[in-house]
Each structure stands twice: as C-alpha cells, then as structure tokens.
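Enquirer: I need the structure of the sequence given here:
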Amino acid sequence: MKLTWIISFVLLVASLAALLSSRQSGKLIADTLAASASVLPDSKMSELERATPVYAGRLFERMPEPFRQKFAGKTWKAVELMTFRSLVLCHLTPGFAIPLMIGFLEGSWARASQKGLIKMHSPMRFSMSVTSLGLTPVLALLWVTAPVALSAVLLVLAVAILGIVSARNLIVHAPTQF
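Expert: As a prediction, the model looks like this:
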C-alpha cells in the first residue's frame, strides 16, 4: 500500500513538472475551457474564466519577490491552467457524493442479501477498497496538473466508477463480528 502512495506522489510531481516545463499551457487553457463547457453552464464558465487570472495573481503575490521576478513569466500560464482546473473541480465536487452513495447502497444491499454470511472477510479486498477510495483525491489532483487536455467529463466518469466500485467493496468486505 505504501508503494501505491509513493507511485501516486511521484506521478503527481512528474505531472506538475511536465506542466510547468511545457510551453503549451495557453493551448491547454483553451482546450480545458472548451471541454469544461459541456459540464458546467455558460454563466458559471464565464464567471470562472474571469476569476482565474485574479486567483492566479493572488497566488503570485504571496510568493517572494525573487521568485516572482524569475519564474512568473515562465509559469504564469501553467499556474493559470491549474487554477482554472481547481475552480472547475470545486464546482464538480458535490457531484462526487452521488456515486459514493450509490456504491454504499448497493454494497449494503449485497451484504444484507447474503444468505450465509461470509464467516471470514477478505482483508486484501477491504484494504484495496480503502486504498482506492483514498486515491480518489489523487486522481482529481492528477487531472488538475495534467500536461494534456483531458475533459472534465472524463474526470467525473473516472471518479464515479472508482467511487461506486470502492464504496461497494468497502461495505461488502468489511470485517464482521460474531
């Protein structure tokens, strides 16, 4: 399990480094705007589009002066892209609770309908479901720092599937007491 967390952290850092070193951030902002328009209403998209430079500017204001002078020009578009994706993610987050509820209800039904209750739970499956639920925020952060244009619909689908399967397995394979 520690190896999974180490790999996800390395992948997150590598994704962030690739985004900051890439010169395509301006194109990625336009692609992310177009891809997110199918998920959020136009009024919310225009609001996020206006708020993104303000939040990115506030972020750079908090940095030390030498850092701003040295890196602001090179990393401005990448920080703006990550800021926009973070704002979109904040507006999508309430929708992530629905798949978890579906997985919880389906897992509760599957566990309650077992005629002969499993005498021994599966610690490996339980551990994997806890790990996959814990990796859901990492998946969202990877979308924020991805150096490629990924649709917000893809993020919602991936988190929904991971949430349903993980929550179901968490309930079904939870330890029982006799």
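Enquirer: work out for me the element the closest residue to residue 37 other than its chain neighbours sits within.
Expert: Excluding its sequence neighbours, the residue lying closest to residue 37 (C-beta to C-beta, 6 or more residues apart in numbering) is residue 45, at 5.5 Å. All C-beta atoms are positioned from the backbone trio N, CA, C, and that covers glycine. When secondary structure is defined using DSSP states H and E, the element that contains residue 45 is helix 42-61.
Enquirer: the helix or strand just after that helix packs against which elements?
Expert: Under the assignment DSSP H and E, the closest C-terminal helix or strand after helix 42-61 is helix 65-92. Helices and strands touching helix 65-92, by 3 or more C-beta pairs under 8 Å, 6 or more residues apart in numbering; DSSP states H and E, are helix 2-21, helix 25-36, helix 42-61, helix 136-145, helix 152-172.
Enquirer: apart from its neighbours in sequence, what residue is nearest the residue nearest the centre of the chain?
Expert: In the chain, the centroid-proximal residue (C-alpha atoms, centre = their mean) is residue 140; its distance is 0.8 Å. In space, residue 140 comes closest to residue 89 once its chain neighbours are excluded; the distance is 5.7 Å by C-beta to C-beta, 6+ apart.
Enquirer: residue 145 is in contact with that neighbour, correct?
Expert: No - between residue 89 and residue 145 there is no contact, the gap being 11.2 Å when judged by C-beta atoms under 8 Å.
Enquirer: rewinding a little: the residue nearest to the centre of the chain and residue 22, how far apart?
Expert: To residue 22, residue 140 is 20 Å away according to C-beta to C-beta, to the nearest Å.
Enquirer: what do you get for residue 87?
Expert: Distance, residue 87 to residue 22, using C-beta to C-beta: 20 Å.
Enquirer: pLDDT below threshold where in this structure?
Expert: Filtered on pLDDT under 70, the chain yields the residue ranges 1, 25-26, 115-121, 176-178.
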